[in-house]
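Novice: Below are the sequence and a predicted model for it; my questions follow.
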Amino acid sequence: VQLVESGGGVVQPGGSLRLSCAASGFSFSTYVMSWHRQAPGKERELVGTIKQSSGSTNYADAVKGRFTISRDNAKNTVYLQMNSLKPEDTAVYYCSRKRFGIDQYDYWGQGTQVTVSS
């Protein structure tokens, strides 16, 4: 199993970024996928999840209305579109695979840094 994030960088407040996570080594379309983030000095937190085929999503209150998770099962890729970025969105962003039936994540990417600063 491999998860590889890309697309991070430095952006000004109010800007946008799109993160990608390329998955391999498992049947991608059968798993719920998630994005988490970890800011300096803080615990890792869940950003949101997306279901297998319906594409149904859930988001943390802090990003609701600004971030959108999507997936392309044909490309084994999950995306995180981030709009109206704020300095408090600065963090390392990770994609992860959710285990079947329980609220745990068993594989993680290496993370990609997002910095929101003027």
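Specialist: That came in fine, so what should we check first?

Novice: going forward, measure contacts and count neighbours with C-alpha atoms only.
Specialist: Fine.

Novice: where exactly do the strands run in the chain?
Specialist: 2-6, 9-11, 17-24, 33-38, 45-50, 57-59, 67-72, 77-82, 91-98, 105-108, 112-116 (DSSP state E).

Novice: Let me have the ones you listed in a markdown table, extended by mean neighbour count and mean pLDDT.
Specialist: Listed next are those as a markdown table, based on neighbours: other CA atoms under 10 Å; pLDDT from 0 to 100:
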| stretch | mean neighbour count | mean pLDDT |
| --- | --- | --- |
| strand 2-6 | 19 | 97 |
| strand 9-11 | 16 | 97 |
| strand 17-24 | 20 | 98 |
| strand 33-38 | 23 | 98 |
| strand 45-50 | 21 | 97 |
| strand 57-59 | 17 | 96 |
| strand 67-72 | 20 | 97 |
| strand 77-82 | 20 | 98 |
| strand 91-98 | 24 | 97 |
| strand 105-108 | 14 | 95 |
| strand 112-116 | 21 | 98 |
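
Novice: in terms of contact, does S117 touch G9 like I think?
Specialist: No - using CA atoms under 8 Å, S117 makes no contact with G9, being 10.5 Å away.

Novice: Kindly state the beta-bridge partners for the spatially most central residue of the chain.
Specialist: Nearest to the mean C-alpha position of the chain, by CA atoms, centre = their mean, lies W35 at 2.7 Å. Assessed by DSSP bridges, W35 has beta-bridge partners G48, C95.

Novice: how near is it to D61?
Specialist: W35 sits at a distance of 14 Å from D61 (criterion: CA to CA, to the nearest Å).
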